[in-house]
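K.L.:
I would like to see how this sequence folds:
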Amino acid sequence: MKRRHFLSYLTLSALTVRSGLIWAASKRVTTQILPLWPDLPPGGGGPAGALVISTKGAQRNIVQPTLTLLTPPSPNGRAVLIAAGGGYSRIEMGKEAWPAAAWLTARGYTVYVLSYRLPHEGWKDGAIVSLQDAQRALRLVRQREKYLSVLGFSAGGHLLGMAVTRADFRSYRATDALDNLPATADRAALIYPIITLEAPYTHTSTHKMLVGNHAPASENAAWSVQEFVNPQSPPFFLVQAEDDPISDPHNTLIMADACKREHVPVEMHRYSSGGHGFGMGRPGTPTMAWPEHYEKWLKS
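P.N.:
Just a heads-up that it's a prediction; the model follows:
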């Protein structure tokens, strides 16, 4: 590992504790940070300096994309890969990834939390770098685990939705033997996800960061998850509030329709209120119910 990445690895290891993983030690959950790539990520470029973590636990300035592995004291033999949202301009670890990881490890699931590259942080491969990291993460976890489900929130739902529906798409040249493994998941849960970038749903940060404000219709379609659902796609679990001001509530309806069209199993839960970014549920709203349904779906 080159010096820049070694220092980044150490910095990330130290900052992880301050960013929301104190609960792990108290619950006897072991943690390990796994770099995604053996050396420089594909394409090169990227930001310099230390990982930046906001007061609310959001990450940016991702120099070295990683997986944070959290192993519960009594693993149940199943793993979940988590990608938090943030409109591809940050990663909402504090609001989404760490609470979900705590909830899952408490139930025996081995968890991998993805810290993925952000397209506008100077990477030469541009918009596709997040998908490169998601596909690499799927392969890395597949090498280690027998059963893999993914859990994506908002833009993280878009990212993992694209990754699991485009298993045959090569977003980067193979770097080692790991890249010959399939980038697949057994199940996919998408929580208030961005699904489509097509008109009239072009107002999101996800759209701006991936294709820009004036992208042609063909480019919008190329980054829309529903366009790639196919009979080999995994079963989906969808959650959204009907008053979501960020991800138009039609997103989950569009995804559910695509699944039904391709005969892919789908379970959808829509709530009258809760807005966007409610993580594992916003107190005082019906969204508090979704984790219970999710737990049953994971076990089914």
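
K.L.:
how about Asp133, nearest residue that isn't a chain neighbour?
P.N.:
Spatial nearest neighbour of Asp133, excluding adjacent residues (Cβ to Cβ, 6 or more residues apart in numbering): Tyr116 at 4.1 Å. Using the backbone N, CA and C atoms, a C-beta is placed for each residue, glycine as well.

K.L.:
in contact with the one you found, which residues are there?
P.N.:
By Cβ atoms under 8 Å, 6 or more residues apart in numbering, the residues touching Tyr116 are Ile62, Pro65, Ala83, Ile91, Val129, Ser130, Asp133, Ala134, Ala137, Leu159.

K.L.:
now do Cys259
P.N.:
So Cys259 contacts Val229, Ser233, Phe236, Pro265, Val266 (Cβ under 8 Å, 6+ apart).

K.L.:
going through these, which ones are buried?
P.N.:
Among the contacts of Cys259, the ones that count as buried by 16 or more other Cβ atoms under 10 Å are Val229, Ser233, Phe236, Val266.

K.L.:
got those residues as JSON lines, with secondary structure, pLDDT and distance to Asn76 columns?
P.N.:
Putting the buried ones among the contacts of Cys259 into JSON lines (DSSP: H, G, I helix; E, B strand; the rest coil; pLDDT from 0 to 100; distance: Cβ to Cβ, whole Å) gives the following:
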{"residue": "Val229", "secondary structure": "coil", "pLDDT": "98", "distance to Asn76": "29"}
{"residue": "Ser233", "secondary structure": "coil", "pLDDT": "98", "distance to Asn76": "25"}
{"residue": "Phe236", "secondary structure": "strand", "pLDDT": "98", "distance to Asn76": "22"}
{"residue": "Val266", "secondary structure": "strand", "pLDDT": "98", "distance to Asn76": "24"}
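
K.L.:
after the lowest-mean-pLDDT helix or strand in the chain, which helix or strand is next? Please name it.
P.N.:
Using mean pLDDT, DSSP states H and E, the weakest-scoring helix or strand in the chain turns out to be helix 3-18, at a mean of 41. Downstream of helix 3-18, the first helix or strand assigned by DSSP states H and E is helix 22-26.

K.L.:
could I get the phi/psi values of the residue nearest to Asp133?
P.N.:
phi -100, psi 160 (degrees, to the nearest 10).

K.L.:
cool, Tyr271 as well?
P.N.:
Taking degrees, to the nearest 10 as the convention, Tyr271 sits at phi -120, psi 150.
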